[in-house]
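S.K.: Dropping a prediction and its sequence here:
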Amino acid sequence: SDAEKWLLEALRFFRLLLGLAEGHESNERVAEIGGLFEKEAARISALLGELYVSQGRLEEATKMYKLSLRVFRRASEGDSEQVVQMLSGLGDVLYQQGLNDRAVKKLQEAIEMSRRLSGDDEDNARVCDDMILVLQIQGRAAESLAMREKALGIRRRNQESDSDRVAAELCHVGIMYASQGMYAEAMERFEEGLSIVRR
């Protein structure tokens, strides 16, 4: 596709620039510029990863996400939003390939890092949603339910108590309780969700 050609050409260009900057690291300014080129190459690799996912080219997407993740980890020297995004994207791609154990590890790391960076926000809740899918596929119902409760707690703290998102989350939790035979807990969640919808 045209988008792939453009992104591959841009990636080649930034790698070329990065190669020119290498060998001159003793010059602080050149080293700084080289770091910028490397980050741009990582961003382009991430975009290629997204493109490959949309095309069903999951192995190629995995390679691009791993490349970006390595660069962003090295550049940030700690927690960063870019690392969280790459971990989450990589977790999703691994999940789509049926590599659930590896997906869980990446998603769990993304959740923990996201929490350290920004506490409990909606992005963290979305990573929890990804993790829930993987845990359900693995048949880890109790862990999946605990993760769903965590997502509910995050959404309660970050949204109005009578928001549609909280009501939907309560229904999801209720369904999970019911599927595990915990009907009293399920009814509590359903009733709370319904009371929000009726307001």
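M.R.: Looks like it arrived, so ask away. Numbering: from 1, shown residues only.
S.K.: Arg155 and Leu117: what is the separation?
M.R.: Distance from Arg155 to Leu117, counting by CB to CB, to the nearest Å: 18 Å. Heads up, the C-betas are built off the backbone N, CA and C, glycines and all.
S.K.: Revised request: answer the last question for Ile132.
M.R.: From Ile132 to Leu117 the distance is 21 Å (CB to CB).
S.K.: What segments of this structure are helices?
M.R.: 2-21, 28-54, 58-76, 81-96, 100-118, 122-137, 141-158, 164-179, 183-198 (DSSP state H).
S.K.: In the third one, which residues are buried?
M.R.: For helix 58-76, the buried set under the neighbour-count rule, 16 or more other CB atoms under 10 Å, comprises 58, 60-65, 67-69, 71-73.
S.K.: quick one: the residue nearest the centre of the chain and Arg116, what's the gap?
M.R.: Central residue of the chain (CA atoms, centre = their mean): Ser88, 2.2 Å from the mean position. In this view, Ser88 and Arg116 are 15 Å apart by CB to CB.
S.K.: just Lys66 next, same as before
M.R.: Here the criterion is CB to CB. By it, Lys66 lies 22 Å from Arg116.
S.K.: Then Glu109?
M.R.: Glu109 is 11 Å from Arg116, by CB to CB.
S.K.: Of the two, give the one with the bigger neighbour count.
M.R.: Remark: of Glu109 and Arg116, Glu109 carries more neighbours, 17 against 11, as counted by other CB atoms under 10 Å.
S.K.: check contacts around the residue nearest to the more buried one when sequence neighbours are not counted.
M.R.: Spatially, and ignoring its direct neighbours in sequence, Glu109 is nearest to Leu87 (5.3 Å; CB to CB, 6 or more residues apart in numbering). Counting by CB atoms under 8 Å, 6 or more residues apart in numbering, Leu87 touches 69, 106-107, 109-110, 113.
S.K.: Same question for stretch 169-183: list its buried residues.
M.R.: Quick answer for stretch 169-183 (16+ other CB under 10 Å): 169-174, 176-177.
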